[in-house]
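**Q** I'd like to go over a predicted model; first the sequence, then the structure.
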Amino acid sequence: MLIWFAVYSQGISLPLAGLTPVTWHAHEMIYGYSLAVVAGFLLTAVGNWTGRPMLSGWPLLLLFLCWLLARLSLLAGGSTYLLVAAIFDLLFLAGLILAITVPIVRARLWPNLTIVVKLILLLTGNLVFFLGAAGRLEHGVYWGLYSGLYLVLALIFMLSRRVLPFFIENGVGYPVKLRNSKWVDIISLVLFTGFWIAELVQPNGLTVAVLAVSLFILHLWRWLGWYTAGIWKKPLLWSLYLAYAAIIAGFALKAAVYVAGISPYPGLHAFAVGGVGMMTLGMMARIALGHTGRSVFEPPPGLGWMFMVLGAAALVRVVLPLLDAAHYSLWIGLSQWLWIGAFLAFFVLYFPILTRPRVDGKEG
């Protein structure tokens, strides 16, 4: 994000592998940042689900280097580095898919293969992006970017349905049973798949608007069923709950593109900054405690402020351009710095936690 600020707000020129700055930013936030978090989550969670060892040592380092070399090639290399970036980025995703598929298959946890399917689709979306960037596929850049974003959201929906009610029920400190519905799960999946396809075929058209309204209603109903007042005392709970709310707001804003003629970017950034950004930061903050042997009920002080700063970044990026488009660049720059501030706070709070041995003496 600091590099994006330098490029967008300060006009600093970088090679970016021949991509436009906006295209580079979109790709790196989806296939760079978001997938790094997804990889970190799955490489720990799948081990817990299956009871089998995950990547460590040199294999894990090689996977990380594939991710890193793709980022460096896209950032500092000219257009001739686009192929290099594509090779390393696709190798990273292929290695991640292999690393989580093997333990899932060996443990015969067949329902979890839906995660593998989504990762395969993400690999395909990234390939489509690079084909478009190389001039080999006319709409490849658009298809690849929007497919990537919506597949990341699909992963968030699936994992939120699995863990968010569990976190809330076990974290508020009093007995509560939250509402869920299998029918909502199935219908929302079908409608979201249709929404994704409609966006690729006819962006911001009537079909997209109708499906967006339907998804807004379904996810709002699910979200309200997960509410209990105790979440507001726990930053690790209300951050995830508000992240889900941002995604719901994103569907309303997507419908408003067709109905009211607003820009598509507020809805896009409600999904990305408020939804993906807050959800990933909240999950990292919680999981880092559990996987280092610490109590999730005793998070570092200052966590609430960190989440509020990131929430402010989402509001500034989504709401203020709608209210005052004349200062659009100012709102973008302010949102960038608020994002940077939130993640700098995460770095300060969690670097000591993540760079020391587990406090319970276990491996990890």
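**A** Arrived safely.
**Q** can we go C-alpha only for contacts and neighbour counts from here?
**A** Will do.
**Q** buried residues in the helix or strand bottoming out on mean pLDDT in the chain?
**A** Here the helix or strand of the chain ranked lowest by mean pLDDT, DSSP states H and E is helix 35-50, holding a mean of 92. With burial defined by 16 or more other CA atoms under 10 Å, the residues of helix 35-50 counted as buried are 35-36, 38-39, 41-47, 50.
**Q** other SSEs contacting that helix?
**A** helix 82-106, helix 278-290 (3 or more CA pairs under 8 Å, 6 or more residues apart in numbering; DSSP states H and E).
**Q** how about the helices of the stretch 51-200 of the chain, start to end?
**A** 57-76, 82-106, 113-133, 140-171, 182-201 (DSSP state H, counting those that start in this stretch).
**Q** okay, those in JSON lines with mean pLDDT and mean neighbour count next?
**A** Listed next are the helices of the stretch 51-200 of the chain as JSON lines, based on pLDDT from 0 to 100; neighbours: other CA atoms under 10 Å:
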{"stretch": "helix 57-76", "mean pLDDT": "96", "mean neighbour count": "17"}
{"stretch": "helix 82-106", "mean pLDDT": "97", "mean neighbour count": "19"}
{"stretch": "helix 113-133", "mean pLDDT": "97", "mean neighbour count": "20"}
{"stretch": "helix 140-171", "mean pLDDT": "96", "mean neighbour count": "19"}
{"stretch": "helix 182-201", "mean pLDDT": "96", "mean neighbour count": "16"}
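**Q** okay, and for the stretch 201-350 of the chain, where does confidence drop off?
**A** Applying pLDDT under 70 to the stretch 201-350 of the chain flags no residue at all.
**Q** which residues of it fall in strands?
**A** Counting by DSSP state E, counting those that start in this stretch, one finds no strands in the stretch 201-350 of the chain.
**Q** which ones are touching the residue positioned nearest the centre of the chain?
**A** Compute the mean C-alpha point of the chain, and by CA atoms, centre = their mean the closest residue is residue 276, 3.6 Å away. Contact analysis of residue 276 by CA atoms under 8 Å, 6 or more residues apart in numbering lists 34, 152-153, 156, 243.
**Q** circling back: indicate which one of the helices of the stretch 51-200 of the chain is closest to residue 20.
**A** Among those, helix 113-133 comes nearest to residue 20, with 9.8 Å by CA to CA.
**Q** those helices in the stretch 201-350 of the chain, which residues are they?
**A** 206-225, 235-259, 265-269, 278-290, 303-318, 320-323, 328-354.
**Q** just checking, what packs against the third one?
**A** Taking 3+ CA pairs under 8 Å, 6+ apart as contact, the helices and strands that helix 265-269 lies on are helix 235-259, helix 303-318.
**Q** what sits up against it?
**A** With CA under 8 Å, 6+ apart, helix 265-269 has contacts from 249-254, 314, 317-319, 321-322.
**Q** could you redo the last one with a cut-off of 7 Å?
**A** 250-251, 253-254, 318 (CA atoms under 7 Å, 6 or more residues apart in numbering).
**Q** Adding neighbour count and distance to residue 25, write these out as a markdown table.
**A** As requested, the contacts of helix 265-269 are exported to a markdown table (neighbours: other CA atoms under 10 Å; distance: CA to CA, whole Å):
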| residue | neighbour count | distance to residue 25 |
| --- | --- | --- |
| 250 | 26 | 20 |
| 251 | 24 | 22 |
| 253 | 28 | 22 |
| 254 | 29 | 21 |
| 318 | 25 | 17 |
